[in-house]
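Novice: Quick one: sequence and predicted model below, then my questions.
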Amino acid sequence: MASAVFGDFLSAASEHLAAAVTVGDGENTSSAGVTRDLHHLVAVMSRYCDDLIPCDMVEAAGRNDLHVWERAAVDVGSALSFARDCLRRTIAEARVETDVTTAWQASHLAAAATELAAGRDLLNTHLAVDPGGLMRERSEWAPVVTSLPVTRALLNELARQSRQLAPLTAWLAGLLPRAGPRSSGQPASAPARDELANASQWLQVAGAAARAAFGVDPVRTGDTELLSAIPPAIPPQRQRPDSAAESIAEMCYGIAISASRLRATAHRDKERAGWSPIATSGSWQWTAQAVAITSHLGELALRSLAVRATQLADRPVTGAQLQKAADSMISTCAAWRQVDQVWDLLFTESQLQPTPAMTDASDLVLRMGRLVWNDPQWTPAHSQRGPRRTPDALAPGAATLVEVVSAAHQAVDAFARIATNDTDAVAAAIRAGRLYTPTRSLPDDYDVPRPFAPAPMARCAALQDAYRAAVDASIDTAGVFDELAFAIGAQSRALGLARAAASMQSRRRGRQSPVDNDPGDLLSAGISSMHSRASTGRAGSVEQAIRDRRVSDPVLLLRAAAIDDAARELMIRAESALPMPGSPGSLESARHAISGPAQLAAQSFPKGPTMDPPIEIRRVQSRSPRDVMKTRQSQQGR
């Protein structure tokens, strides 16, 4: 059974809200219990906005750098906060008690609040707050949760709900009597009526606050679809491959489960993959082999689907599109075979430790193979393979064809994420000196009296080059499948939406993430080379040249990394045509251009020599040799 996604809670809340705001003719309804549950619902909506806003209302009034949807989050959140306070005062003024005559309407409001609260809990499973009050990511979906497309879709939904609740709140205010003489012991209803009327107006303001942002940056259909597709951060339970024959649908579903677990594992192990004892050369080589095998199987499956697409009358995709995706799998397979071959002469201190990722990847490979080969007992080690599954057996109809493409998309996306993680981990292992090679494979001038020797930098560089090529091929293939999933309306199209949304971040309190990905902000001139170098995980051209000369001095390596970072920043600014800090041609600009890289290198080495401020640059008029000699003679005469 598939786990619930955010769209399930949002859809249920919308249904309850639609039922709650509908009042039948002739129904005798009071505002007693309805107001309490209405207050609860508005409070939950206000908490959503608290999660989205980058700053409070006072700070937002003095800022001009907020995106339109960031400002909309502040405006909608402030209006909902005022409406919530009005409803709270209404309850206090009227001393509301639960009324059985309004149970049907109040129950729908309470149910809507419960569904929205559960959806908010689901979103918050992807994020956590550290002791310092800063937000950190807990899953691979965390960048999606904090992305601008999700912010747009969520605020648009909150504004729509506010517009629905405004007439209901005004109708509840109309049920209360106006101010006038009252008998002793009867509570005053005029203040409660006024508070309800004010709450209705604030809900209208909340509903209208997003319209300005919508006009500048409209909500896309993909935004709403992505918001609805967000799963919980807890990975699904493992689905073991059945020893008996599984149906095509069951195998596709099992592939999606294994892919989801692999993505969660990649994020969980990202921080420790470079030093963990289970991160070994054997596990990295095993992953490379698994990606190569899966790519080959995916190619075979897509070739069959391309043939089947020409036979279906209601085909959702053309054979040419499927052939293009199959061609991309060939390059991915070849790139990962190269990584596998390079690993034959490289080892870590321990060669192989089984990992959870290997288990899930094994399940995925088995099911991909059994999709292609009509053998329920197929494994990669089988010398006798069963017959190929025929195109009509692989995809009896258009719906099954879409399911198989979606399963292949899931596999490609998961292995692309694992590959990126392994690339960074291998780079960390190289920096830590964890890679070794058989001494017998080294040239004769290496005099090492041991069976294994530290891997030469040339081999490490070849390994990193192979990984870069493999990761690039995997990402390109994932992009091809993203387009294919959109074209056929596959369920996996959310993966492409998530990949695109993760690059567009919205600022939130406790999290530093610019909305507009300014290239100038990628590498700040004030960041130390240690932090900047760790963010990339790969040696630049200068650092690699130093390492190729077998230099292990950490100071020289860090200085080389700083130079690479400064050059990278300069190239980013040049490509994006961004002006350097300071006015063009000014003295400040000249000082920054000359001293920037040097100062950047010096900032990383507090124990080293400090740099003096640069001298002022003056223009000197050229002089002839005779003038120079006269100047020297006059100085000597003095």
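Specialist: Sure thing, it's come through. Just so you know, these numbers come straight off a predicted model, no measurement behind them.
Novice: Extract the residue ranges of the stretch 301-450 of the chain that are flagged as low pLDDT.
Specialist: When residues are selected by pLDDT under 70, those of the stretch 301-450 of the chain lie in 351, 382-385, 444-449.
Novice: Equivalent analysis for the stretch 101-250 of the chain, please.
Specialist: 101-103, 133, 178-190.
Novice: at 50 instead, please
Specialist: Along the stretch 101-250 of the chain, the model assigns pLDDT under 50 to residues 101, 181-188.
Novice: all strands of it, in order?
Specialist: Assignment of strands within the stretch 101-250 of the chain using DSSP state E, counting those that start in this stretch yields the ranges 127-129, 135-137.
Novice: Format these as CSV; extra columns: mean neighbour count and distance to residue 162.
Specialist: Quick note: C-beta positions are derived from backbone N, CA and C, even for glycine. Conversion of the strands of the stretch 101-250 of the chain to CSV gives the following (neighbours: other CB atoms under 10 Å; distance: least, CB to CB, whole Å):
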stretch, mean neighbour count, distance to residue 162
strand 127-129, 15, 24
strand 135-137, 16, 26
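Novice: I'd like those as CSV, with distance to residue 432 appended.
Specialist: Written out in CSV, the entries for the strands of the stretch 101-250 of the chain read as follows (distance: least, CB to CB, whole Å):
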stretch, distance to residue 432
strand 127-129, 28
strand 135-137, 24
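Novice: what's the closest of these to residue 177?
Specialist: Taking CB to CB as the criterion, residue 177 comes closest to strand 127-129 out of these, the separation being 46.7 Å.
Novice: for the closest one, the distance to its chain's centre please.
Specialist: Counting by CA atoms, centre = their mean, to the nearest Å, strand 127-129 is centred 14 Å from the centre of its parent chain.
Novice: And for stretch 242-257?
Specialist: Averaged C-alpha coordinates place stretch 242-257 at 28 Å from its chain's average position (CA atoms, centre = their mean).
Novice: surely residue 47 meets residue 120?
Specialist: Yes: the pair residue 47 / residue 120 is scored as a contact, 6.4 Å apart, by CB atoms under 8 Å.
Novice: Residue 348 versus residue 458, what's the distance?
Specialist: Applying CB to CB, to the nearest Å, one obtains 18 Å for the distance of residue 458 from residue 348.
Novice: now do residue 12
Specialist: Separation of residue 12 from residue 348 (CB to CB): 50 Å.
Novice: Give me the more crowded residue out of the two.
Specialist: Between residue 12 and residue 348, residue 348 has the larger neighbour count (other CB atoms under 10 Å), namely 21 against 18.
Novice: Grab the nearest non-local neighbour of the more buried one.
Specialist: Counting by CB to CB, 6 or more residues apart in numbering, residue 348 lies nearest to residue 281, which is 4.4 Å off, once chain neighbours are set aside.
Novice: Show me the residue sitting in the middle of the chain in space.
Specialist: The centroid of the chain falls nearest to residue 143 when counting by CA atoms, centre = their mean (3.2 Å).
Novice: got the phi/psi numbers for residue 264?
Specialist: With angles defined as degrees, to the nearest 10, residue 264 sits at phi -70, psi -40.
Novice: residue boundaries of the helices in the stretch 401-550 of the chain?
Specialist: Under the criterion DSSP state H, counting those that start in this stretch, the stretch 401-550 of the chain contains helices at 457-488, 493-501, 529-536, 541-548.
Novice: Next up, phi/psi of the closest residue to residue 245 other than its chain neighbours, please.
Specialist: For residue 245, the nearest residue in space outside its immediate sequence neighbours is residue 376; the separation is 4.0 Å by CB to CB, 6+ apart. Main-chain dihedrals, residue 376, degrees, to the nearest 10: phi -70, psi -10.
Novice: contacting residues around residue 376?
Specialist: Taking CB atoms under 8 Å, 6 or more residues apart in numbering as the definition of contact, the neighbours of residue 376 are 242-246, 370.
Novice: Same question for residue 340.
Specialist: Per CB under 8 Å, 6+ apart, neighbours of residue 340: 285, 288-289, 292.
Novice: same deal with residue 560?
Specialist: Residue 560 makes contact with 540, 542-543, 545-546 under the criterion CB under 8 Å, 6+ apart.
Novice: between those residues, which has the most around it?
Specialist: residue 543 (23 neighbours).
Novice: Mean pLDDT added to the helices of the stretch 401-550 of the chain, as a markdown table?
Specialist: Conversion of the helices of the stretch 401-550 of the chain to a markdown table gives the following (pLDDT from 0 to 100):
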| stretch | mean pLDDT |
| --- | --- |
| helix 457-488 | 93 |
| helix 493-501 | 91 |
| helix 529-536 | 35 |
| helix 541-548 | 73 |
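Novice: And residue 209, how far from residue 163?
Specialist: Taking CB to CB as the measure, residue 209 and residue 163 are separated by 11 Å.
Novice: These two: who's more crowded?
Specialist: Legend: neighbour count by other CB under 10 Å for residue 209 and residue 163, higher for residue 209 (23 against 15).
Novice: isn't residue 542 right up against residue 549?
Specialist: No: shown here, residue 542 and residue 549 do not form a contact pair, counting by CB under 8 Å, at 11.4 Å.
Novice: List the buried residues in stretch 475-483.
Specialist: Residues of stretch 475-483 classed as buried under the neighbour-count rule (16 or more other CB atoms under 10 Å) are 475, 477-478, 480-482.
Novice: Pipe the residues you listed into JSON lines and attach distance to residue 403 per row.
Specialist: Output for the buried residues of stretch 475-483, formatted as JSON lines (distance: CB to CB, whole Å):
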{"residue": "475", "distance to residue 403": "24"}
{"residue": "477", "distance to residue 403": "19"}
{"residue": "478", "distance to residue 403": "19"}
{"residue": "480", "distance to residue 403": "18"}
{"residue": "481", "distance to residue 403": "14"}
{"residue": "482", "distance to residue 403": "17"}
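Novice: Can you tell me which of those residues is nearest residue 337?
Specialist: Of all the buried residues of stretch 475-483, the one with the least separation from residue 337 (CB to CB) is residue 477, at 14.5 Å.
Novice: Hmm, residue 329 and the closest one touching each other?
Specialist: Yes: the pair residue 477 / residue 329 is scored as a contact, 6.2 Å apart, by CB under 8 Å.
Novice: Now for those two: what residues contact both?
Specialist: Contact with both residue 477 and residue 329 is made by residues 295, 412, according to CB under 8 Å, 6+ apart.
Novice: can you tell me how far the closest residue to residue 397 other than its chain neighbours sits from residue 477?
Specialist: In space, not counting the residues next to it along the chain, residue 397 is nearest to residue 312; the distance is 7.3 Å by CB to CB, 6+ apart. Remark: distance between residue 312 and residue 477 (CB to CB) = 24 Å.
Novice: now do residue 394
Specialist: On the measure of CB to CB, residue 394 and residue 477 end up 20 Å apart.
Novice: try residue 50
Specialist: Distance, residue 50 to residue 477, by CB to CB: 40 Å.
Novice: Now do the same contact list for the residue nearest to residue 397.
Specialist: Counting by CB under 8 Å, 6+ apart, the residues that residue 312 touches are 395, 397-398, 401.
Novice: phi, psi of it?
Specialist: Summarising the backbone geometry of residue 312 under the convention degrees, to the nearest 10, its torsions are phi -80, psi 140.
Novice: Quick check: it vs residue 364, distance?
Specialist: Residue 312 sits at a distance of 27 Å from residue 364 (criterion: CB to CB).
Novice: I'd like the mean pLDDT over stretch 8-25, please.
Specialist: Here stretch 8-25 scores 86 as its mean pLDDT.
Novice: next one: stretch 62-76
Specialist: Predicted confidence along stretch 62-76 averages 90 (mean pLDDT).
Novice: Tell me which residues are up against that stretch.
Specialist: Where contact means CB under 8 Å, 6+ apart, the residues beyond stretch 62-76 that reach it are 49, 52-57, 60, 148, 151-152, 155, 158-159, 162, 205-206, 209-210, 212-213, 216-217, 506-507, 515-516.
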